[in-house]
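**Q** got a predicted structure here, sequence first:
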Amino acid sequence: MDVADLVQAIERCEPPAGGFHHASHLRVAWAYLSSEPSPDEAAARMASTLRRFAASVGQAEKYHHTITVFWIRCLAAERTTRPGATLEEVLATKPALLDKNLPLAFYSPERLFGDDARASWLEPDLRPLNAGRPSGPLLE
């Protein structure tokens, strides 16, 4: 399924045949970053889409705002540092982005999996995102 079809399916609350896994979330986020005027607007659109989608499949409780914004900020930083790169090119050079557990390098489990982080954005407590760009050996 190409990215445009994936975005449309998720926005129509139609689960893709192969599921909606981490890499698919990244593809939708990349598309939103490409089409929205700012990362904040891309994050708002992603949050709205994911909330609707999760509710439509009877799993509204699975939406997690801090994790959603974390990934948008990671991808936005890569778009800024590598203008014109495709998501595939970024993932080839930054494979840590494919690790859905990457937020745990920045957040303690207690902070990340708490109700506050699920409902709204919380800054990391283990290491900073440094102006939206995760730093350190995981992504360098």
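**A** Great, that's in hand.
**Q** what's the neighbour count on T86?
**A** T86: 10 surrounding residues under other CB atoms under 10 Å. To be clear about C-beta, it is placed using only N, CA and C from the backbone, and glycine gets the same treatment.
**Q** where's A54, which helix or strand?
**A** Element membership of A54, judged by DSSP states H and E, is helix 39-56.
**Q** on the three-state scheme, Y107 is what?
**A** coil (DSSP: H, G, I helix; E, B strand; the rest coil).
**Q** excluding residues flanking it in the chain, which one is nearest it?
**A** Distances taken as CB to CB, 6 or more residues apart in numbering place P124 nearest to Y107, at 5.1 Å, with adjacent residues excluded.
**Q** now that neighbour: how far from A105?
**A** Separation of P124 from A105 (CB to CB, to the nearest Å): 9 Å.
**Q** find the residue at the geometric middle of the chain.
**A** The centroid of the chain falls nearest to W71 when counting by CA atoms, centre = their mean (3.1 Å).
**Q** which residues are in contact with whichever helix or strand V28 is part of?
**A** For V28, the enclosing helix or strand under DSSP H and E is helix 22-35. Contacts with helix 22-35, where a contact means CB atoms under 8 Å, 6 or more residues apart in numbering, come from 3-4, 6-7, 10, 16, 39, 42, 45-46, 49-50, 71-72, 75-76, 79, 87, 91, 97-98, 100.
**Q** do the same with stretch 45-55
**A** 10-11, 13, 20, 25, 28-29, 32, 36, 60-63, 65, 68-69, 72.
**Q** 7 Å instead?
**A** 10-11, 13, 28-29, 32, 36, 60, 62-63, 65, 68, 72 (CB atoms under 7 Å, 6 or more residues apart in numbering).
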